[in-house]
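When you get a sec, could you give me coordinates for this:
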Amino acid sequence: MNSSTRATPRDPPRSGRVSESASFVKLAPATPASKGASFGSLDALLERVAEVAATRAMEQSAELFGSREDAPILLDRQSLAKRLNISIPTVDRLRGEGMPTIWVTSEAPRFELDRCLEWLRSREAGRIR
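Residues are numbered from 1 along each chain as shown. Got it, this is the predicted structure:
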């Protein structure tokens, strides 16, 4: 591969097609049809570069922080109340009694359904004894 086909910080791409490689985005040589490239084809090129960059960023983020599939599903007060078939005031009361809560912001409590169910079951087991 010669240096005219690879995009580097010193040699930005001017025209052609974007293709993916292991560690960089390279620019294939321009075809005769694309030499007189219109503004629309530049937009398409920029859109493709952005897609490749976003995909790589998500892959690297997943490697560092785990994938989105591993992330817990967080419910707000209304969603938790609906899933547990209780009222929102009951959710608030249980939260005050120690139900596990994740604070997204100071005014946005969120809940993991599995952890809340475990907590409720442990309370129930304590009462039965």
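
show me where the chain has strands.
Applying DSSP state E to the chain gives strands spanning 17-20, 25-28, 74-75, 102-103, 109-112.

Least reliable of the ones you listed by average pLDDT, please.
Lowest mean pLDDT of these: strand 17-20, a mean of 46.

So what's the residue count around the nearest residue to residue 92 once chain neighbours are set aside?
Closest residue to residue 92 apart from its sequence neighbours, by Cβ to Cβ, 6 or more residues apart in numbering: residue 77 at 7.1 Å. All C-beta atoms are positioned from the backbone trio N, CA, C, and that covers glycine. For residue 77, the count of nearby residues is 18 (other Cβ atoms under 10 Å).

quick one: contacts for residue 77?
By Cβ atoms under 8 Å, 6 or more residues apart in numbering, the contact list for residue 77 reads 88, 91-92, 109, 111.

could you redo the last one with a cut-off of 7 Å?
88, 91, 109 (Cβ atoms under 7 Å, 6 or more residues apart in numbering).

Mind giving me the PyMOL select for those, buried ones only?
Here is the PyMOL command that selects the buried residues among the contacts of residue 77 (16 or more other Cβ atoms under 10 Å):
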select buried, resi 91+109
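
the longest helix in the protein is where?
In terms of residue count, the longest helix belonging to the chain (DSSP state H) is helix 39-65.

could you say what helices and strands that one packs with?
If contacts are counted by 3 or more Cβ pairs under 7 Å, 6 or more residues apart in numbering; DSSP states H and E, helix 39-65 sits against strand 17-20.
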